[in-house]
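J.: just need the structure, nothing else, for what follows:
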Amino acid sequence: MTAGSGTPGAGAAAQRVIGVLGGMGPLATADFYMKLVRLTPARTDQEHPRVIIDGNAKIPDRTAAVAGRGPDPTPALVATAQNLERAGADLIVIPCNSAHAFLGAIREAVRIPVLDIMEEVAATVAALAPAPRSAGILATQATLEMQLYPRALTRRGIGVVQPTAAEEAVVMTAIHAVKGGDLDIGVRASVRAVAAALVARGAGVIVLGCTELPLVFGSGDATVPVVDATEILARAALREAGGEYGSPPQRCDQDGVKSTVPVRRS
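T.: Numbers count the residues shown, from 1 in each chain. You can find the predicted model right below:
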């Protein structure tokens with residue numbers, strides 16, 4: 001049993017403790033945890049994995065840092081990861097795509113595995129049937145500028161369709177709206193319009209590459225498959241923790257529409 005693992009509850013297989021480097025932003029972290037819970041095929045509390053969440057919303061803005069307009073978030077990201085390791089986590093997930101621009105430094109600072117959301121999503125996209133030639137990426141400016149998704153996808157022979165500068169401004173406005181708690185239909189419509197433009201330019205799948213976006217965009221909002229990076233990361237966390245895949249979670253949007261996303265089959 002690893003250092004951070006406690007004794008499993010009755011009927012539960014030994015599981016590794018999942019550490020969540022969260023708070024970027026708080027709603028996105030809450031959405032990740034909800035998906036983790038819904039994906040776990042548990043009948044009792046004790047059958048769920050132990051999860052340690054450090055919701056450090058004080059971590060400096062990742063997009064501003066990459067653009068040279070804000071402080072470096074690396075020290076705070078590293079300190080939060082080390083805090084999770086000291087608290088007993090056996091692995092770390094980061095439900096923030098932009099924070100993966102600093103993944104190398106985080107991994108070097110801890111002795112436990114830190115999952116890569118881009119690699120997990122790229123593997124999921126490559127496993128879709130039929131496999132898409134290109135993926136449309138909805139993400140922050142930092143994620144796009146650092147080419148985080150293109151690197152992971154092109155290694156698997158999948159092209160990338162990115163928003164234009166004007167479209168990216170719309171996406172960033174929507175992301176900041178969600179961070180402020182605005183999940184209104186206007187925000188949803190703006191993201192749908194950008195996704196439709198990516199599809200029109202050849203995207204065969206839409207990747208929600210910012211963890212705020214699944215809160216305002218679902219599988220019914222595009223004419224092609226929609227891959228929710230938050231859900232994919234939750235599945236990867238359960239896999240690495242020794243848990244099992246559950247059914248794709250359903251969430252009710254404010255308009256009452258349930259949505260799910262396509263997932264990689266094990």
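J.: can you show me the helices along the stretch 151-266 of the chain?
T.: Using DSSP state H, counting those that start in this stretch, the helices of the stretch 151-266 of the chain run over residues 165-179, 185-200, 229-241.
J.: please identify the most buried of those helices.
T.: Greatest average neighbour count among the helices of the stretch 151-266 of the chain goes to helix 229-241 (a mean of 24), per mean count of other CB atoms under 10 Å. (C-beta placed from N, C-alpha, C; glycine too.)
J.: any idea of the mean pLDDT for that helix?
T.: For helix 229-241, mean pLDDT rounds to 97.
J.: one more: stretch 176-188?
T.: Mean predicted lDDT for stretch 176-188 stands at 94.
J.: what's the spacing between the residue nearest in space to the middle of the chain and D31?
T.: Nearest to the geometric centre of the chain sits T230, at 3.1 Å (CA atoms, centre = their mean). Remark: distance between T230 and D31 (CB to CB, to the nearest Å) = 6 Å.
J.: please apply the same query to R192.
T.: 19 Å.
J.: ok now stretch 204-214, how far from the chain's centre?
T.: Put simply, stretch 204-214 sits 9 Å off its chain's centre (CA atoms, centre = their mean, to the nearest Å).
J.: what's the answer for stretch 175-183, then?
T.: How far stretch 175-183 lies from its chain's middle: 16 Å, per CA atoms, centre = their mean.
J.: picking up where we left off before, which ones are touching the residue nearest to the centre of the chain?
T.: A28, D31, F32, K35, P95, L208, T211, P214 (CB atoms under 8 Å, 6 or more residues apart in numbering).
J.: for it, give its distance to V114.
T.: Distance from T230 to V114, by CB to CB: 17 Å.
J.: quick one, domains of the chain?
T.: 18-116, 117-229+243-259 (automatic domain parsing).
J.: so what's K58 closest to, chain neighbours aside?
T.: Nearest residue to K58, sequence neighbours excluded (CB to CB, 6 or more residues apart in numbering): A76, at 6.8 Å.
J.: pretty sure the one you found is touching P60, no?
T.: Yes: the pair A76 / P60 is scored as a contact, 6.4 Å apart, by CB atoms under 8 Å.
J.: ok, I117 touching L233?
T.: Yes: between I117 and L233 a contact is recorded at 5.0 Å, counting by CB under 8 Å.
J.: joint contacts of these two?
T.: The contact sets of I117 and L233 overlap at V93, P95 (CB under 8 Å, 6+ apart).
J.: could you list the buried residues of stretch 136-153?
T.: 136-144, 146, 148-150, 152-153 (16 or more other CB atoms under 10 Å).
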